[in-house]
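**Student:** turn this into a structure:
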Amino acid sequence: MIPEERRDAVARALREVFDVEQADDIRNTTGGLSKARVFKIVVRERPYLLRVVVQNGGPAGPGTGDQTHHFACMKLAADAGVGPKVWYTNAEDGVSITDFVPSRFLPRSTALELLPAVLRKVHTLPAYPTARIVKYRELMDQMVRRFHAAGWLPASETADLLELYEGVSAAYSQNESDMVLCHNDLRPENILFDGERAWLVDWEAAFANDRYLDLAIVANFVINNDQEEEAYLREYFGEAAGAYRRARFYLMRQLLHVFCTAFLIQIGAKGKPVAPATGNPDFREYHDRIRAGEIDLGDDERKIEYARVHLNQALLNMRSERCREAITIVSAKS
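**Tutor:** Coordinates of the predicted model:
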């Protein structure tokens, strides 16, 4: 089950941590976009999570390449109590062992209660645990413009999209005080709930970024209305968010919608034009189904469908009065 080229590295890890040559039980749990192999192992009747990079130093992408930054962020999270305990890491071998968290379904109401405090703790960690620096806003803008120029979706679905996006992007200037260590990939599968606490896993995409990105990603799955938004931001900031913070949060949510559209179409369509839409799934219902595990985003057609969910929400929101007001509020402080 362990890739042959990684068996010696895994054996070294097991000897160092547990003084054994092999686990008592091992089960494959790999999923998602990462090329890394992930296993639930049992040693002396206790479960752990073993992660193995198959092609360490290979082509860029999740689960490949140098794991130094990933492991540094993983250890920071564990020490802060927001990530599982780390028992072993070896960046050269691309192997890590952490506690295994038996995850339960995280109700939306519980997520609203727990996650703002978890994000607040994450955002107080050292923003640059290694030398890795990513200019995320530049990458976001480049991907959106490339998507728009490629014409993968019918023009009737993307009318005014780039103009609306660039209006929001131009208004949303970077605040250095908002640049913190962000997880950047807070999909439901990376948030584990043990019945009492929420744990964040898979820190491979973590780097210094705008705090509102993490807040916006989680908001897609847990916020239904203005009252919940206010409570969510109040819990995160420890006080009423105020008009300016709410405006930045709202604009980041729109930037994220468009970026998700571009990213999902790029990986789902694989460079080919996409047929016109035949339906218009509801944004909240779709995210509830993702949280419940009813939708498998590993399927290319689902990725395209999900891209359209974000696209429709982005166009609706960016044409709204609230968006115009948010642009005015944020622009005034730039």
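
**Student:** for Arg108, which non-adjacent residue is closest in space?
**Tutor:** Excluding its sequence neighbours, the residue lying closest to Arg108 (Cβ to Cβ, 6 or more residues apart in numbering) is Val222, at 5.4 Å. Bear in mind the C-beta positions are built from the backbone N, C-alpha and C, glycine included.

**Student:** any idea of the pLDDT on the one you found?
**Tutor:** Per-residue pLDDT puts Val222 at 96.

**Student:** got the contact list for it?
**Tutor:** Residues near Val222 by Cβ atoms under 8 Å, 6 or more residues apart in numbering: Arg108, Ala111, Leu112, Leu115, Glu228, Tyr232.

**Student:** same deal with Ala91?
**Tutor:** Ala91 touches Asp66, Gln67, Thr68, Phe71, counting by Cβ under 8 Å, 6+ apart.

**Student:** can you flag the buried ones in these?
**Tutor:** Burial by neighbour count, judged by 16 or more other Cβ atoms under 10 Å, picks out Gln67, Phe71 from the contacts of Ala91.

**Student:** next, give me the two most distant ones among the contacts of Ala91.
**Tutor:** Spanning the widest gap among the contacts of Ala91 are Asp66 and Phe71, at 9.7 Å by Cβ to Cβ.

**Student:** could you pull out the strands for the protein?
**Tutor:** 25-28, 37-43, 46-52, 86-90, 95-99, 179-182, 191-193, 198-200, 207-210 (DSSP state E).

**Student:** dump these to JSON lines, plus mean pLDDT.
**Tutor:** Below are the strands of the chain laid out as JSON lines (pLDDT from 0 to 100):
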{"stretch": "strand 25-28", "mean pLDDT": "95"}
{"stretch": "strand 37-43", "mean pLDDT": "96"}
{"stretch": "strand 46-52", "mean pLDDT": "97"}
{"stretch": "strand 86-90", "mean pLDDT": "98"}
{"stretch": "strand 95-99", "mean pLDDT": "98"}
{"stretch": "strand 179-182", "mean pLDDT": "97"}
{"stretch": "strand 191-193", "mean pLDDT": "97"}
{"stretch": "strand 198-200", "mean pLDDT": "98"}
{"stretch": "strand 207-210", "mean pLDDT": "96"}
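
**Student:** and of the ones you listed, who's closest to Ala159?
**Tutor:** Closest among the strands of the chain, using Cβ to Cβ: strand 207-210, at 28.1 Å.

**Student:** what sits up against that closest one?
**Tutor:** 69, 127-128, 132-134, 136-137, 174-175, 178-182, 184, 252.

**Student:** so who does the residue nearest to Leu311 when sequence neighbours are not counted touch?
**Tutor:** Excluding its sequence neighbours, the residue lying closest to Leu311 (Cβ to Cβ, 6+ apart) is Thr261, at 4.3 Å. Contact analysis of Thr261 by Cβ under 8 Å, 6+ apart lists Phe147, Ala307, Arg308, His310, Leu311, Ala314.

**Student:** how does it look with 7 Å?
**Tutor:** Each residue near Thr261 by Cβ atoms under 7 Å, 6 or more residues apart in numbering is listed here: Ala307, His310, Leu311, Ala314.

**Student:** who touches the first one in this structure?
**Tutor:** Shown here is Ala307, whose contacts under the criterion Cβ under 7 Å, 6+ apart are Cys260, Thr261, Leu264, Ile265, Gly268.

**Student:** for the stretch 101-250 of the chain, which segments are assigned as helices?
**Tutor:** 108-122, 136-150, 161-171, 211-222, 226-237, 242-269 (DSSP state H, counting those that start in this stretch).
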